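Peer 1: Provided below for reference: sequence and predicted model.
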Amino acid sequence: MTKFRRLYELLLESGMVKAEDVYQPVPAKRSWLELAHSPQYVQGVCNRSLDEASIRRIGLPMDEKVVGRSLAAVGGTVLTSRLALDFGIACNAAGGSHHAFSDHGSGYCVFNDAAVAARVLLNEGRVRRVFILDLDVHQGDGTAEILSGDPGAFTFSMHCAENFPKAKQTSDRDVALPAGTGDDDYLSVLKAELTELLPAYSPDLVIYNAGVDLHRHDRLGKLALSDEGIAARERAVLSLCRASAVPVACVVGGGYDMDAEVIARRHMILHREARLFADRNRLGRAGAVTSGIFPTVPGGPSASG
Ligand SMILES: [Zn+2]
């Protein structure tokens, strides 16, 4: 979990993000959470009254800190989505809890920040169609379940076939890649998919899960992308979305290494490419790279899948 705080520190230390570029979210409100989760589950988390089996499935101790982080991460993705609508691109420094289902959490995910953010903005009438672009190495199973049949959301997951979760859900579009897929094959499939899907759905907002657990050195992922392959992925996503002027709200997603420094630096690729893209395309400075961090909580916001 320390990766989130380290990512935030590195973004400032590197000069990539100025202090005035950082926005601080409010913790997610219950009314937001209940747009994507059952009231019983929301209450169980917030009151810390989930049963042992439910806590085991999440895989995190449900203490005050984890609950606080989970609420902050969802608040961050809601804020990031709003800022993306204002500025074109915004990046959370956390988020991507895509294994959280409507009535339970799993795989280190408590609340599904992307599904909540999509529903909040749809509910407010700020957008009519949200495209969830999930490129974490694991399938966005919780997101697929929550948003299934919702005409206001399109769920796209491109993941490794052999990774968790074993029982996959059905997204609006799933692309399951074989283990060992490297940069060139990955990028050509991604570009072909987005070139077809984005104009067909014509979203008002893309919420992008930029998980880096598809890196060849990731502890859990089974794909084989390089640092440069991930950077090329971010450039492809940003340029394909922005070519049609679609706002992009980015969340960091999964990434696993015993050394938090290594993984925080890997997540920085997203923010670096967003910064460069925004500067090249003269997007508003303030919204180019922002952050859903919650600095008052040591260790940063909640884990993501
Ligand atoms: Zn993952």
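Peer 2: Looks like it arrived, so ask away. Numbering: from 1, shown residues only.
Peer 1: residue 105: what's it in contact with?
Peer 2: By CB atoms under 8 Å, 6 or more residues apart in numbering, the contact list for residue 105 reads 41, 45, 54, 57, 58, 97, 99, 111. The way it works is simple: take the backbone N, C-alpha and C, and place the C-beta from them, glycine included.
Peer 1: which one of the residues you listed sits closest to residue 17?
Peer 2: Checking those against residue 17 by CB to CB gives residue 97 as the nearest, at 22.5 Å.
Peer 1: wait, is that closest one part of a strand?
Peer 2: No: applying DSSP: H, G, I helix; E, B strand; the rest coil, one finds residue 97 to be coil, outside a strand.
Peer 1: may I ask which of the contacts of residue 105 has the most neighbours?
Peer 2: Comparing the contacts of residue 105 by number of neighbours (other CB atoms under 10 Å), residue 97 comes first, having 34 neighbours.
Peer 1: which among the contacts of residue 105 gets closest to the ion?
Peer 2: The shortest approach to the ion among those belongs to residue 99, at 8.1 Å (CB to the ion).
Peer 1: phi, psi of residue 30?
Peer 2: phi -60, psi -40 (degrees, to the nearest 10).
Peer 1: burial of it, as a residue count?
Peer 2: The number of residues packed near residue 30 is 13, by other CB under 10 Å.
Peer 1: can you pull out the helices in this protein?
Peer 2: 2-13, 30-33, 39-46, 52-58, 64-87, 113-124, 141-147, 183-201, 227-243, 260-280, 285-288 (DSSP state H).
Peer 1: tell me which of these sits nearest to the ion.
Peer 2: helix 141-147 (10.8 Å).
Peer 1: lowest confidence element among the helices and strands of this structure?
Peer 2: In the chain, no helix or strand scores lower on mean pLDDT, DSSP states H and E than helix 285-288, which sits at a mean of 44.
Peer 1: for residue 160, find the nearest of the helices of the chain.
Peer 2: Residue 160 lies closest, by CB to CB, to one member of the helices of the chain: helix 183-201, at 10.2 Å.
Peer 1: what sits up against the closest one?
Peer 2: So helix 183-201 is contacted by 129, 131, 133, 135, 154, 156, 158, 173, 175, 177, 206, 214, 223-226, 228-229, 232-233, 236-237, 240-241, 244, 246 (CB under 8 Å, 6+ apart).
Peer 1: and those, which are buried?
Peer 2: 129, 131, 133, 135, 154, 156, 158, 175, 177, 206, 214, 223-225, 229, 232-233, 236-237, 240-241, 246 (16 or more other CB atoms under 10 Å).
Peer 1: what about the closest residue to residue 11 other than its chain neighbours, how many residues nearby?
Peer 2: The shortest distance from residue 11 to any non-neighbouring residue, by CB to CB, 6 or more residues apart in numbering, is to residue 17 (4.1 Å). Here the number of neighbours of residue 17 (other CB under 10 Å) works out to 24.
Peer 1: nearest residue to residue 95 other than its sequence neighbours?
Peer 2: The shortest distance from residue 95 to any non-neighbouring residue, by CB to CB, 6+ apart, is to residue 251 (3.1 Å).
Peer 1: who touches the one you found in this structure?
Peer 2: 76-77, 80, 91-92, 94-96, 113-114, 207-210, 292, 304.
Peer 1: quick check, nearest of those to residue 168?
Peer 2: residue 209 (15.8 Å).
Peer 1: for the closest one, list each beta-bridge partner.
Peer 2: Residues in a beta bridge with residue 209, per DSSP bridges, are residue 134, residue 251.
Peer 1: what is the burial count for the residue lying closest to residue 14 once chain neighbours are set aside?
Peer 2: The shortest distance from residue 14 to any non-neighbouring residue, by CB to CB, 6+ apart, is to residue 268 (7.4 Å). Using other CB under 10 Å, residue 268 has 21 other residues around it.
Peer 1: isn't residue 268 up against residue 9?
Peer 2: No: using CB atoms under 8 Å, residue 268 makes no contact with residue 9, being 10.6 Å away.
Peer 1: circling back: ok, which of the contacts of residue 251 also contact the ion?
Peer 2: Checked against the ion using CB under 5 Å from the ion, these yield no neighbours at all.
Peer 1: out of the residues you listed, the closest to residue 277 would be?
Peer 2: Nearest member of the contacts of residue 251 to residue 277, counting by CB to CB, is residue 91, at 10.8 Å.
Peer 1: separation between the closest one and residue 58?
Peer 2: Going from residue 91 to residue 58 by CB to CB, to the nearest Å gives 25 Å.
Peer 1: what does the stretch 101-250 of the chain have sitting close to the ion?
Peer 2: By CB under 5 Å from the ion, the residues of the stretch 101-250 of the chain that approach the ion are 136, 138, 211, 213.
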